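K.L.:
coords please:
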Amino acid sequence: MCGFTGFALAAREGVPANEREIDETRLALMTRAIEHRGPDDQGLLRRYPFGLGFRRLSIIDLAGGHQPITNETGDVAVCCNGELYNFRELRRELETRGHTFKTHSDAETLVHLYEEYGAEAPEKLVGMFAFCILDWRTPGAPRLLLGRDRLGIKPLYYGLVDGDLYWASEPKAMLASGAFSRRMRGDSLLDFLVQGYVGGPHSTWAGIERLAPGTTLEWSPNRPEEVELRRYWDLPTDGLRSPARDDEVLELLDEVVTERLMADVPLGTFLSGGIDSTAVATSMAEALDDPLIACSVGFHEKSHDELGLARATASRLGAIHHTEVLEADPTLALETLPWFFDEPHADPSNVPTYLVSRMAREHVTVALSGDGGDEIFGGYRRYVHDVAENRVRSAIGGPGRQLAALGGRMYPKLDWAPRFLRGRTFLANIGQDPASAYWHSVSQLSRGDAVELLNPDLRASLVDHDPLQAFAEHYERPRNVDSLYRAQYADFHTNLPDRILSKVDRASMAVSLEVRVPMLDHRFVERFANLPAAEKVQRARGKHRLREALRRRLPAEVLDGQKRGFDTPLRSWIRGPLEAPVRDAIESLPAEWFSRPVLRSRLEEHVGGGRDHSRLLWSLLVLERWRQRHGVTGVSV
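P.N.:
Okay, the predicted model is just below:
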C-alpha cells in the first residue's frame, strides 16, 4: 500500500514541453503531503515532461520494490498503489514473451504488461490498485496512463491547470502544488449536506476530479486539453444470474481470501461478531500455516459491542487474538481525522474505523476485512425494506401510491424511532418512484431540508443541482433486473466507493496499515451481486445465500445474530461533550455559505430534547473542522 503524485507539463505555443522546467521543489512538496501512505521509502522521477513522486509502505519484495520502476530500456515507468494478486501468473506469461525482470515486486509486472497490452493492461489485473504509467517510447509524443481498480478500493484524483495535468492518491498532494485554489464546489456542499460525503466524478475541491472506479485516463502533452477517459469494467447491467450453490460460494470465497494472503510482513484480520468478517477469518485460518492473527475492538456502548462473539470465534479458530475496549473519542473528529480526510466525510464510523486500524497496526501491517458483503448479498436493512416497499408499490398501483403519499404527509413522524420503523417514511416511500424512495433511505437529509440551511444567494445559485439525479442515472442503468439489484448497482457506484471504501482507505492509511477486501474481488462480485432477490432477502432478512452457504462453517449465534452498527453515540455526544464545539462550528462557518439562524435553531431543538438533528450537527462540525484544517477559502459556483 502506497501513494503517488505527479504532474505533466503541456506543450506551449512556441515553447516545447521539454524546454519547460520540472520543478523539483514542487514535486517534493506534493510527495511529502502523502508521506503517511508510505513511511518506508520515497522515490522521485523527473524526466520531461513528467514529474512523478512515490511513497512506499513495504509489503512485498521489501528490498527490491522501490518505485517508480522502469522497463529494461527505461522508456516506460510505473507507480502503483495497492496489490496485484495475480502478478506471479502474469510474470510467468510475460517471461515466456521475452521480458526480463529485475525485482520480485508486483509493480514491475505492470510495466511489462503495459508493454504488451497498452491501455488494455488493467483488464488483465486482479487486485486493488491505482497506477500511473509514463511512456516515452514514441519520440516527441510521450504518453500518460492513469488507472483505478474496478470497484474503487484505491483512490485517484486528477486535474488540469492551464493545460498541465496533475494527479495524486489524495487531493492534499495536488493542493500542495500551489496550482489549485482552495475553494469548495458549491454543488459539493449541497451533496455533502444531503449524503454526508462527496462522491461522483467531481471531488469537493474546485478543479480536482475523481477518477471513477474501473476507468483509465490517457493524456499527451501535445494535446493537453484532451483527457481521454475509458471505462474498462462495470458490474453486469443486463439480466440476473442463476441461483448459486452453497459450495460455489464457499469455493470462490476461499479462493479470493487465499489470494490476499501474500505478504512479506505480518498479516492478520479485523474480526467482529458479524458474518462477513467471521467468514473471511475462517477462510484465512484454513489457508494459513501459522495461527491467524485477529484484531478486535469492543465498545462500552453495549448496543454496538460484538467483542464477545469475536472472542468466541477467535477461540474456535485457534487465533492469536488482540483485543481492546475503546472509548469512542469525539476529539478525533476535531483534531486528527480532518487532515487525513481531505474531503469532508461525516460517516460517524470514521472514528471507530480509525481506532481499530490504529490498534491493528501495533500487531500487523496488513489486515483483511469483510467490506463488500452487505452490498453483494443484500445485507443492509434498507435492502430488506426496499424489497417490501416495491412489493407493496407493485400491488396497489398508481392510485394506491398517490393515497400512500398523502398518508405519508399526514402521518405523525416518530423521531425517536429508527427511520425504517417510521410509518410516515414507509408511506412516503410507497408514494415515490423506486429510485427516489431508495435515495431517501441512503440520504441523511432531503434536498429541501438541506437548501433551507444555506445562505439565500448560495441557495439560488444551486437551484438546478439535485444530488438525486446522478444517483437515479445509476439506479436506472441495469435492464431486465429486479429492484433490489438496481439499488445494489447504484450503491456500488456511489455509497460503496465514495463513502465506505474512502473511509477505510483514509482511516487505515492514516496509520500506515494496508487493508485488503477479498469480497470485493471483481470475480466474486460478478458472480453473486446480481443473484435474484429471493437469493438475498428471505423472511425479512438479508444475505440469505451467504448465510446458507456458511451454515456448515459458522455457528448459529453468528449467522442468526442481530446486525450491529460500527457506529458512535452521536446524539449523546452532541448533547454532551460536543455541544460547545458544535456551537463554535455554527458560529464560525461562513455566512456566505449558511443561514446561521437556521443552524442555531437546529442545535437548540436537538439539545433541548426535541427532534434528533445529530447527523446534521455532526456533519456541520466535520465540515468546519475540515474547512479550517485545509484552509478552504470559499465556495465556487
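K.L.:
mind listing the strands in the stretch 51-200 of the chain by residue range?
P.N.:
69-70, 76-84, 127-135, 143-148, 157-161, 164-168, 183-185 (DSSP state E, counting those that start in this stretch).
K.L.:
okay, those in JSON lines with mean pLDDT, distance to residue 396 and mean neighbour count next?
P.N.:
For the C-beta atoms, the positions are set from N, CA and C on the backbone; glycine is no exception. Formatted as JSON lines, the entries for these read as follows, by pLDDT from 0 to 100; distance: least, C-beta to C-beta, whole Å; neighbours: other C-beta atoms under 10 Å:
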{"stretch": "strand 69-70", "mean pLDDT": "96", "distance to residue 396": "61", "mean neighbour count": "20"}
{"stretch": "strand 76-84", "mean pLDDT": "96", "distance to residue 396": "48", "mean neighbour count": "26"}
{"stretch": "strand 127-135", "mean pLDDT": "98", "distance to residue 396": "44", "mean neighbour count": "25"}
{"stretch": "strand 143-148", "mean pLDDT": "98", "distance to residue 396": "43", "mean neighbour count": "23"}
{"stretch": "strand 157-161", "mean pLDDT": "97", "distance to residue 396": "46", "mean neighbour count": "21"}
{"stretch": "strand 164-168", "mean pLDDT": "97", "distance to residue 396": "51", "mean neighbour count": "24"}
{"stretch": "strand 183-185", "mean pLDDT": "97", "distance to residue 396": "41", "mean neighbour count": "21"}
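K.L.:
Select, out of the ones you listed, the one closest to residue 11.
P.N.:
Evaluated with C-beta to C-beta, these place strand 164-168 nearest to residue 11, the distance being 10.4 Å.
K.L.:
Can you tell me the strand partners of that closest one and which way each runs?
P.N.:
On the basis of DSSP bridges, the sheet neighbours of strand 164-168 come out as strand 2-8 (antiparallel), strand 157-161 (antiparallel).
K.L.:
After the first one, which helix or strand is next?
P.N.:
If I follow you right, that is strand 2-8. Using DSSP states H and E, the helix or strand that follows strand 2-8 in sequence is helix 24-32.
K.L.:
Please point out which parts of that next one sit buried.
P.N.:
Residues of helix 24-32 classed as buried under the neighbour-count rule (16 or more other C-beta atoms under 10 Å) are 26, 27, 29, 30, 31.
K.L.:
Now do the contacts for the second one.
P.N.:
Right, the one you point to is residue 27. With contacts defined as C-beta atoms under 8 Å, 6 or more residues apart in numbering, residue 27 is in contact with 6, 7, 44, 46, 51, 52, 53.
K.L.:
Spit out the contact partners of the fifth one.
P.N.:
The one in question is residue 51. Under the criterion of C-beta under 8 Å, 6+ apart, the contact list for residue 51 reads 6, 7, 8, 22, 23, 24, 26, 27, 44, 45.
K.L.:
Could you turn the buried ones of those into a PyMOL selection?
P.N.:
Isolation of the buried members of the contacts of residue 51 (16+ other C-beta under 10 Å) is achieved in PyMOL through the command below:
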select buried, resi 6+7+8+22+23+26+27+45
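K.L.:
of the contacts of residue 51, closest to residue 96?
P.N.:
residue 45 (29.2 Å).
K.L.:
can I assume that closest one sits in a strand?
P.N.:
Yes: using DSSP: H, G, I helix; E, B strand; the rest coil, the assignment for residue 45 is a strand.
K.L.:
Can you pull out the low-pLDDT segments for the stretch 501-637 of the chain?
P.N.:
Scanning the stretch 501-637 of the chain for pLDDT under 70 picks out 562-567.
K.L.:
before we move on, back to that, redo the strands of the stretch 51-200 of the chain as a markdown table? Include distance to residue 627.
P.N.:
Rendered in a markdown table, the data for the strands of the stretch 51-200 of the chain read as follows (distance: least, C-beta to C-beta, whole Å):
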| stretch | distance to residue 627 |
| --- | --- |
| strand 69-70 | 38 |
| strand 76-84 | 27 |
| strand 127-135 | 27 |
| strand 143-148 | 27 |
| strand 157-161 | 19 |
| strand 164-168 | 20 |
| strand 183-185 | 8 |
